[in-house]
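Colleague: Structure of the sequence below:
(3 chains)
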Amino acid sequence: MVIRPRPFSIKRMPGFSLLALACFFALYMPLAPLVVYSFNAGNNIALWEGLSLRWYVAAWENDLVQSAAIRSVVVATIASVIATVLATMAALGTTRTRPYRGQTSIYAMVNQPLMVPEIVTAVALLILFALIKESTGYHGYAYLVIAHTAFCIPFAYLPIRARLEGMDHVLETAAADLYATPWRTFTKVTLPLLLPGILAGAMLAFVISLDDVVITEFVKSAGQDTLPTYMLGQLRRNITPEINAISTVLLGVSVIMVTVIFFLSRKKT
Amino acid sequence: MSSQPTGDRQGFESLEAKAYQREVRRNLLLSTPALIVLFCAASGPLLIMLVFSFLTAGDYGGIKWQFSTEAWFQVAFYKDIFDETVTIADAHLSIFWRSVKLSFLTTLVAFLLGFPTAYFIATRPVETRNIWLFLVTIPFWTNLLIRTFAILEIIRNQGLVNTVLIGLGVIDQPLDMLFTDIAILLGMTYVYIPLMILPIYASMERLDFRLVEAAYDLYASRWRVLMRVILPLVKPGVIAGSILVFIPSLGAYVTPRVLGGGKHLMIGNLIELQFGQGRNWPLGAALSLTLLVIVMVALMVYVRSVQKEGAGHGH
Amino acid sequence: MKLMFNAILSSLMLVFSGITMAAGELNFYNWGNYTNPELIEKFEKETGIKVTITDYDSNETALAKVRAGGHGFDLAVPSHSHLPIWVSEGLIANARVDQMPNFKNVAEEWRNPDWDPGRQYSAPWQWGSVGVMVDTSVYSGDINTFGIILDPPEELIGKINVAPEMNDVISSALLYLGGEACSGDKALLKKARDKLVEAKPKWKSMDYGVIEKFAGRDLAASLYWNGAAFRARLKNPDVRYGYPREGYSLWADAVVLLKDAKNVEEAKTFMNFIMAPENAGLISAFARYANSIVGSEKYMPEDMATAPEVVVPAEFIGAGKFYPTCSPEVQKIYTAIWTELQK
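Modeller: Down below sits the predicted model:
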């Protein structure tokens, strides 16, 4: 075999692509049993008893699990959007600036939700929100959204900040010199440059909110089960493949979304 | 820059000071909304915990409004339930040590896998980068518990990994991975790796490859380019990623419980126990505040040291 | 699709409106995966009352949430061990269950339990026991003892699971050593700790989800609840459930009316409803535990009526006891033992 020398590419790092592809493989491989068991005829998530769609039918007919799944996605969307906006603002206020008093405290406070196990925040919120619920009589979703927004903020903040730290002021200064208003400079220069960070942050926030179980368990009011709390309740008894079916549907939805975005963005370019 | 020509140095300085004040005010204004939400739903409620840690445990969970430092005593010392001798709380220490060790290893493995992956994504054509990014997060649309069970499913004795390895003739006995520290490590890495990949990607995406090219022009080896040019440039992302992986793993408890077979506690489990069946809320509060302080200090030291190191490199 | 759409719409609407407490609603707070949807459907059809179910995962969570207030629930299902705490803390309203029309269906021995004298507060839901499950193809000796877990025979070592339930595990050890659950006897507690520490290396896991592991023969013994043992036997016919003759603990979950319930009449209707044999049968058919209603067997799947996991064999009835929750002092020792065990 003749080894043809590959043209030298400055971007290539030997082994990196292989490691990356292995990483993607590892990310998706464990999902295979998950998807497979969603077609299980038996009522078990780890014991194969034949092919069937019964869990899809069951999930379809089970209002409880369906509304829990939708509720999870709705809460995660709202919370991650708010968290990302707030985190972007906070990142702009704490990076690329001359040091000022309180900067470190803000940094610490923004990251604080990462540092205590969920159960602690959960119990504290339970007590605080119960007081508010009792005095106002309002039992709606605002509590869940606020709680989720709060713990999503550091997950959105850190990637955005990381992106921002490496950006210099050159382009913004240039825009200002060309008499662009600060707002125009922000929307036309800063924001587009920052976008990959914002996107990464928003995705993390969304996923983290989707996963939350303990805080939700303690904050939720009547009829506000999310998919994770629904599963937590099942843990002691038996988790049924209904959950696999719902998760497979969620995976399907996300894959479709990505495909659509892909084709839309291709059309544009 | 356009500024009024002024011969008066003092005037210039006060102008400068005003600009600085404006900047500070702008910064505070930008940070305030996030801080308000955090104060209402994270740090503020933590004050409740601070109060609780100085109260007496209620008989059936909750607290009694009686001042006590018992909980703080219990964090560090262990009074033997039988002979009343007081010793250092070695159970707490060994649980803490296990958590730190596993979280550190998780961060390391996540970095070793996550860095090349982020690099790979960042070097794709611009229009496909976001697709790859989405591909990283899609598995996480399924819930944490179900992901953990999926890992359990593939590493158990008759699971996918063992079946394939035996089928290929690599091993003849199934590897007994389930309910070991290796299982916890694998599981936590799987659960937390996007938290490493995404921040690194965010700061890698704007990597200026002209610098890399310049380094190659100066006959730098790939390894040297990686260590001396790329890594320092994406350092903010690496810092963010390791914080996002290390700290949550420290408090994790679903993954250790499911994959570790629940035989060993981690800090998260220990604290949860106090709020649950242990019915000792003040101890739970005191333990978590201890954890908070330790992590906060470690974070400050870490961020300061890597930033200083970065500055030392000087370009 | 229409259902999906409706669900999206209603969740969105709820975001803005909060839950409105209109007449004809009922908020039921129960253990997860414990309420038969058919039961709720039947109830809604017969009464026109709309039921909203919310899950919890442990007595501690439920107690903490109800105690904090502002929860919006009408009915909850605490275990017998916690029920007296709920009563003494004033969380439960007296629904006078004993005067409800369907109370006549409650079996004699369930009409005056220690934990709810006169049965005024709670309507029976389900009950069961904590025992051992054993795969008899692996070990064929005597299984009616906690020795299976604490002094395991050679064949079972490394194939044992223990439910990660502090109270059940330590209480079982105390019973095995000849004491009572929640005993304050320090010498005995110390022995229990030593026994557990000694036995633990012989265990494989401390975990839930045993049914599939027995079916896949990954496990051969477990300290667990009877209903799960029953369901495991349906997957693996070699699985048997042992009632430890040295003593084992029983538990019962019961429906109570919360003091700050908004829908009191609807809640009482529901409490009465579940004491009818055909409805109690539905409850058991779903979660596979026994209930306390005479005549409900007719409405259960056939395999349940004779299952030795559900119907306690006569010789073991005497050994089972309901234990109240431990005193705060003993609970502290329990927690210390548990932490020691898992450090």
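Colleague: show me where pLDDT drops low in the chain?
Modeller: Assuming you mean chain A. A:1-8, A:44-47, A:237-238, A:261-262, A:264-269 (pLDDT under 70).
Colleague: I was thinking of chain C, sorry if that wasn't clear
Modeller: C:1-23.
Colleague: Spatially, and excluding backbone neighbours, which residue is closest to the residue of it found nearest chain A.
Modeller: Using C-beta to the nearest C-beta, C:G32 is the residue of chain C that sits closest to chain A, at 1.5 Å. In short, each C-beta sits where N, CA and C put it, glycine included. Take C:G32 and drop its neighbours on the chain: the residue closest to it by C-beta to C-beta, 6 or more residues apart in numbering or on different chains is A:G233, 1.5 Å away.
Colleague: isn't the residue of chain C closest to chain A right next to A:I239, touching?
Modeller: No - here C:G32 does not reach A:I239: they are 9.7 Å apart, not a contact under C-beta atoms under 8 Å.
Colleague: so what sits against both of those two?
Modeller: Residues touching both C:G32 and A:I239 by C-beta atoms under 8 Å, 6 or more residues apart in numbering or on different chains: A:M231.
Colleague: Pull the contacting residues for the residue nearest to C:D114 when sequence neighbours are not counted.
Modeller: Among residues not flanking C:D114 along the chain, C:F322 sits closest, at 6.4 Å (C-beta to C-beta, 6+ apart). Contacts for C:F322 (C-beta under 8 Å, 6+ apart) come out as C:H80, C:S81, C:P113, C:D114, C:W115, C:S249, C:L250, C:W251, C:A252.
Colleague: The third one belongs to a helix?
Modeller: No - secondary structure of C:P113, determined by DSSP: H, G, I helix; E, B strand; the rest coil: coil, with no helix assignment.
Colleague: How about the contacts made by it?
Modeller: By C-beta under 8 Å, 6+ apart, the contact set of C:P113 is C:H80, C:R119, C:A252, C:F322.
Colleague: wait, what's in contact with C:V132?
Modeller: For C:V132, the contacting residues are C:I143, C:T145, C:F146, C:I148, C:I149, C:A221, C:S222, C:L223, C:Y224, C:Y241, C:G242, C:P244, by C-beta under 8 Å, 6+ apart.
Colleague: Counting neighbours, what do you get for the residue nearest to the third one when sequence neighbours are not counted?
Modeller: Put plainly, it is C:F146. If the residues on either side of it in the chain are set aside, C:F146 comes closest to C:Y176, at 3.9 Å by C-beta to C-beta, 6+ apart. Using other C-beta atoms under 10 Å in any protein chain shown, C:Y176 is surrounded by 22 other residues.
Colleague: quick one: the strands in the stretch 201-343 of chain C?
Modeller: C:203-205, C:221-225, C:239-242, C:248-257, C:320-322 (DSSP state E, counting those that start in this stretch).
Colleague: is the first one anywhere near chain A?
Modeller: I take that to be strand C:203-205. No - residues of strand C:203-205 are not located near chain A by C-beta under 8 Å from any C-beta of the partner chain, the shortest gap being 13.7 Å.
Colleague: buried ones in stretch B:161-180?
Modeller: Buried residues in stretch B:161-180, counted by 16 or more other C-beta atoms under 10 Å in any protein chain shown: B:V161, B:N162, B:P174, B:L175, B:M177, B:L178, B:F179, B:T180.
Colleague: can you dump the C-alpha coordinates of it into PDB?
Modeller: C-alpha atoms of stretch B:161-180 as PDB (Å, rounded to 0.1, in the frame of the first residue of the first chain):
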ATOM      1  CA  VAL B 161     -20.000  -3.800  26.100                       C
ATOM      2  CA  ASN B 162     -19.300  -7.200  27.500                       C
ATOM      3  CA  THR B 163     -21.200  -9.000  24.800                       C
ATOM      4  CA  VAL B 164     -19.200  -7.200  22.100                       C
ATOM      5  CA  LEU B 165     -15.900  -7.700  23.800                       C
ATOM      6  CA  ILE B 166     -16.500 -11.400  24.300                       C
ATOM      7  CA  GLY B 167     -17.800 -11.700  20.800                       C
ATOM      8  CA  LEU B 168     -14.500 -10.100  19.500                       C
ATOM      9  CA  GLY B 169     -12.500 -12.500  21.600                       C
ATOM     10  CA  VAL B 170     -10.900  -9.600  23.600                       C
ATOM     11  CA  ILE B 171     -12.000 -11.100  26.900                       C
ATOM     12  CA  ASP B 172     -13.500 -14.500  27.800                       C
ATOM     13  CA  GLN B 173     -15.000 -13.500  31.100                       C
ATOM     14  CA  PRO B 174     -17.400 -10.600  31.400                       C
ATOM     15  CA  LEU B 175     -15.800  -7.500  33.100                       C
ATOM     16  CA  ASP B 176     -17.500  -6.900  36.400                       C
ATOM     17  CA  MET B 177     -17.900  -3.200  36.000                       C
ATOM     18  CA  LEU B 178     -21.400  -2.700  37.500                       C
ATOM     19  CA  PHE B 179     -21.500  -1.200  41.100                       C
ATOM     20  CA  THR B 180     -17.900  -0.200  41.100                       C
END
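Colleague: Looking at it now, give me its mean pLDDT.
Modeller: For stretch B:161-180, the mean pLDDT works out to 82.
Colleague: Which residues does it contact?
Modeller: The contact list for stretch B:161-180 (C-beta under 8 Å, 6+ apart) reads B:152, B:154-158, B:183, B:186, B:259-261, B:263, C:204-205.
Colleague: ditto for stretch C:327-343
Modeller: Outside stretch C:327-343, the residues that touch it by C-beta under 8 Å, 6+ apart are B:57, B:59-60, B:78, B:81, B:90-92, B:94-95, B:262-265, B:269-270, B:273-274, B:277-280, C:166-167, C:169-170, C:182-184, C:186, C:189, C:192-193, C:196-197, C:200, C:206, C:325-326.
Colleague: and that stretch, which residues are buried?
Modeller: C:330-339, C:341-343.
Colleague: Next: stretch B:128-136.
Modeller: By neighbour count on 16+ other C-beta under 10 Å, the buried set for stretch B:128-136 is B:R129, B:N130, B:I131, B:W132, B:L133, B:F134, B:L135, B:V136.
Colleague: Secondary structure added to the residues you listed, as a markdown table?
Modeller: Converted to a markdown table, the buried residues of stretch B:128-136 look like this (three-state DSSP):
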| residue | secondary structure |
| --- | --- |
| B:R129 | helix |
| B:N130 | helix |
| B:I131 | helix |
| B:W132 | helix |
| B:L133 | helix |
| B:F134 | helix |
| B:L135 | helix |
| B:V136 | helix |
